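> Output the structure for:
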Amino acid sequence: MKQLIDRCQKVFENEYLSSRTNLVYDYRTSLEHEHRFDTLPTVEEVAKRLPNPCSWGSGMENGMINTPIALSMYIDAGNKVMAERMYQGLKLCGTVTGVPGALVRSVHPGDGKSWFPEASRDQYTHYVYSLWEYYHSGMADEAVKEEIRGLLSAVANHCEKYITPENNYTLPRADFDPVRSPVCQLWEVEPHEAARLPMFYAAAYDVTGNMHYFEMYRKYAVEAGNAGNNLECMNYNSFALLQMLLSCLLIYKVEKDPAIKALYLENMREIDRYSYFDLLRASNWKRTNNIYLAPMDWHMNSYCRVYPICRHVIPKHAEDIQIAYQVMREINEVLLIALMMPEEIRCISPAHRRNYRFVLDGFEPEKYYFAEGTFFPCAVWYKAARLGISLD
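The predicted model follows:
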């Protein structure tokens, strides 16, 4: 297994990272290194907001999900040099617009400065959590800690300014054109999303000691915690449960009040229970699908989804390609969820170990096209190793 992890890490660092931006790109469309990013939007297309203002379906969609997870991976691995690189990628996405607190999903690897304007609460969640984690990792020197205090304060200030009833509790686009999609709404949202806003204030309070941020956090904390204990009767994707966990875990670690801590501990028990479906689904997909399918060039996709309300046009991969991507992501997200639980409720079951080994058995990262299939197994491996947990 360690040999496989080493191979995954090598492919990840060689194929999905940009030395110019220090960001992780979603996939490659060629196994030839020099052509791996040929189908990303051009700088001119980014300026025209093609394929859509959120960069959905473009290969630049999840820079502020993938790069933060990679930062956590390198923290767990004790790799200070690579952790610092991932931090630089986060900082770039948090400052490139020139608007304090405005986050972009990614930056174009060609010019190192072009970006799509519409992020999401998902991207902000990973960004805030990883900055907070890096701050407490022992790897950040005092100059970097001061930067992080500024970055997290900027997010909190941005939220306080814009997360109001008049704005439908929605963060603005980084170019301040009208927001049409609902993905930046931070309050009056679904139960699994409710703790995102108080989490942002809690992170800023924790690193600065500014009591105003604490008051803003407490304004939402109990209502958000109660919402998280009333999840819908539905199957949540593993990425949604992982993001919910990040928000609950940060609050749980910052909060001192026993009653509020207990509220968020129960939230995390719910996450753990809901994640079992995703564990089984990933294994079932592995049994029946070819996971080495190449993504389609979004310019050539004949199938697109039109997002309700906002009417963004989103290029979509064929279903078998989407499953090839989801197999590796979901099995590893579920393991990360289990490993990140507070020690008092952490349980790595035989099913976790068995299904993880089954999905990774025979995996060839050199032939795989999606970034998540390379860094996610490493993130799980190093997290388990740091905790002294065997996945054998």
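
> Leaving out sequence neighbours, find the closest residue to residue 186.
Distances taken as C-beta to C-beta, 6 or more residues apart in numbering put residue 197 closest to residue 186, at 4.4 Å, once the chain neighbours are dropped. For every residue, glycine as well, the C-beta is placed using N, CA and C.

> Same question for residue 385.
Residue 385 sits nearest to residue 76 (C-beta to C-beta, 6+ apart), 7.3 Å away.

> which strands and helices sit next to the helix or strand containing the residue nearest to residue 186?
Using DSSP states H and E, residue 197 maps to helix 196-208. Where contact means 3 or more C-beta pairs under 8 Å, 6 or more residues apart in numbering; DSSP states H and E, helix 196-208 is packed against helix 121-135, helix 142-162, helix 211-228, helix 238-254.

> Give the buried residues for the longest one.
So the one you mean is helix 142-162. 144, 147-149, 151-160, 162 (16 or more other C-beta atoms under 10 Å).

> again with the shortest one
Residues of helix 121-135 classed as buried by neighbour count (16+ other C-beta under 10 Å): 121-135.

> What number of residues are in the vicinity of residue 344?
Using other C-beta atoms under 10 Å, residue 344 has 7 neighbouring residues.

> Wait, a helix at it?
Yes: according to DSSP: H, G, I helix; E, B strand; the rest coil, residue 344 belongs to a helix.

> Quickly find the element holding the nearest residue to it once chain neighbours are set aside.
Nearest non-adjacent residue to residue 344, counting by C-beta to C-beta, 6+ apart: residue 265, 7.6 Å away. Per DSSP H and E, residue 265 falls inside helix 258-274.

> same for that helix, what does it pack against?
helix 211-228, helix 238-254, helix 319-340.

> the inter-axis angle of the second one versus helix 319-340?
Spelled out, that is helix 238-254. Helix 238-254 runs at 20 degrees relative to helix 319-340, counting by axes from the mean of the first three to the mean of the last three C-alpha atoms, to 10 degrees.

> same for helix 238-254, what does it pack against?
Right, helix 238-254 is packed against helix 121-135, helix 196-208, helix 211-228, helix 258-274, helix 319-340 by 3+ C-beta pairs under 8 Å, 6+ apart.

> For that helix, report the contacting residues that lie outside it.
For helix 238-254, the external contacting residues (C-beta atoms under 8 Å, 6 or more residues apart in numbering) are 65, 122, 125-126, 128-129, 132, 192-193, 195-196, 198-199, 202-203, 205-206, 217, 221, 225, 228, 260-261, 264-265, 267-268, 271, 274-275, 278, 329-330, 333-334, 336-337, 340-342.

> Could I have the buried ones of those as PyMOL selection syntax?
Remark: buried members of these, expressed as a PyMOL selection using 16+ other C-beta under 10 Å:
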select buried, resi 65+122+125+126+128+129+132+192+193+195+196+198+199+202+203+205+206+217+221+225+228+260+261+264+265+267+268+271+274+275+278+329+330+333+334+336+337+340+341
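
> nearest residue to the residue nearest the centre of the chain other than its sequence neighbours?
In the chain, the C-alpha nearest the mean C-alpha coordinate belongs to residue 65, at 2.6 Å (C-alpha atoms, centre = their mean). Nearest residue to residue 65, sequence neighbours excluded (C-beta to C-beta, 6+ apart): residue 126, at 5.0 Å.

> Thanks a lot, see you next time.
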